[in-house]
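Asks: Structural data only, the sequence is not supplied:
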């Protein structure tokens, strides 16, 4: 089976399928044509993917909003359309590199496991047989993070969550950070899915909370590296901060260029996009790049031999169908609601993803 030839600015891609693995052939001026395995790893904030049911065992801020009798008049018809929209967007991610799309996808702003089961059962993506990793978080809004994975690409070994605790703030509750470990086409890989504290209350009040979240993320990474110094780790999430914010730049200290990454360092491919004015969400007539993917040095192949899986490219998936064409949020992500008005959109965030390559052995 062969697929259409795709052309980008530098390389010519010919995609073919062999069993569960898709390959890309790259020709450039340095090497002769070479065959690579491809895996796309992404993240997508779902913007309040709630069902219509109130859980009587919880007292969450948003739950009453997302019911048929709530202020948003959230009913089964809207929920069904939301699921169809989100699954359609997911189905289109990464198709320029592989017809399988996302091998692994982190999610934020989902209510519970039920909405994830409904999401992966949608017609647009059900053939991918996405498996779910999810834990309930203590977040006051009633939203969690989660991870979906295509079992043709990723085999789960373990998962656990980490709760952010702030000294002197016993009543502070936010999303847990999710660590998922396993094998990506036989190669050990770790994924950390985050949704750091919001900017509510302003930078002075909320900034230290995101610094603390970044410190927790670093602790998780360090714990992995104790046993695996060259571990391949992809941290992904809605950080509610840009690549230049203190939490990212000063705490995590990722490099903006892969050539600058040292053996125990990190690489933030989003930093270059941010300097070019590319964002994942719009606010106050400007762009932010809160949705980020930060990679450990184990995924950086400075020689570009790709003997093991290594970073190849990054993308903010800002296709036209995800962009509002009119109204208050024109030219920004086409969201679900404009204030209290339901506008049939997707999310107030664009999804993001990285493409990994490995030379076929």
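Replies: That came through, no problem. If you're wondering where the values come from, they're calculated on a predicted model, not measured in any experiment.
Asks: Tell me which residue is most central in this structure.
Replies: Centroid-nearest residue in the chain: residue 43, 1.2 Å away (criterion: C-alpha atoms, centre = their mean).
Asks: Dig out what it forms beta bridges with.
Replies: residue 106, residue 352 (DSSP bridges).
Asks: I figured it hits residue 236, correct?
Replies: Yes: between residue 43 and residue 236 there is a contact at 3.9 Å, judged by C-beta atoms under 8 Å. All C-beta spots, glycine's among them, are computed from the backbone N, C-alpha and C.
Asks: before we move on, back to that, relative to residue 351, how far out is the residue nearest to the centre of the chain?
Replies: Counting by C-beta to C-beta, to the nearest Å, the gap from residue 43 to residue 351 is 7 Å.
Asks: that older thread, joint contacts of residue 43 and residue 236?
Replies: Counting by C-beta atoms under 8 Å, 6 or more residues apart in numbering, the residues touching both residue 43 and residue 236 are 106, 193, 293, 352.
Asks: just checking, next helix/strand downstream of the helix or strand where the third one lies?
Replies: The secondary structure element spanning residue 293 is strand 291-296 (assigned by DSSP states H and E). Later in the chain than strand 291-296, the nearest helix or strand by DSSP H and E is strand 310-316.
Asks: OK, contacts around the nearest residue to residue 291 once chain neighbours are set aside?
Replies: Excluding its sequence neighbours, the residue lying closest to residue 291 (C-beta to C-beta, 6 or more residues apart in numbering) is residue 280, at 3.9 Å. Counting by C-beta under 8 Å, 6+ apart, residue 280 touches 287, 288, 289, 290, 291, 316, 318, 333, 349, 350, 351, 352.
Asks: The closest residue to residue 188 other than its chain neighbours: how many residues sit nearby?
Replies: Leaving aside its sequence neighbours, residue 188 sits nearest to residue 232 (C-beta to C-beta, 6+ apart; 6.7 Å). Around residue 232 there are 23 other residues, counting by other C-beta atoms under 10 Å.
Asks: cool, the one 4 residues further on as well?
Replies: Applying other C-beta under 10 Å, we find 29 other residues in the vicinity of residue 236.
Asks: That one in helix, strand or coil?
Replies: strand (DSSP: H, G, I helix; E, B strand; the rest coil).
Asks: Verify the stated contact: it with residue 191.
Replies: Yes: under the criterion of C-beta under 8 Å, residue 236 makes contact with residue 191 at 6.8 Å.
Asks: Which neighbours do the two have in common?
Replies: 41, 106.
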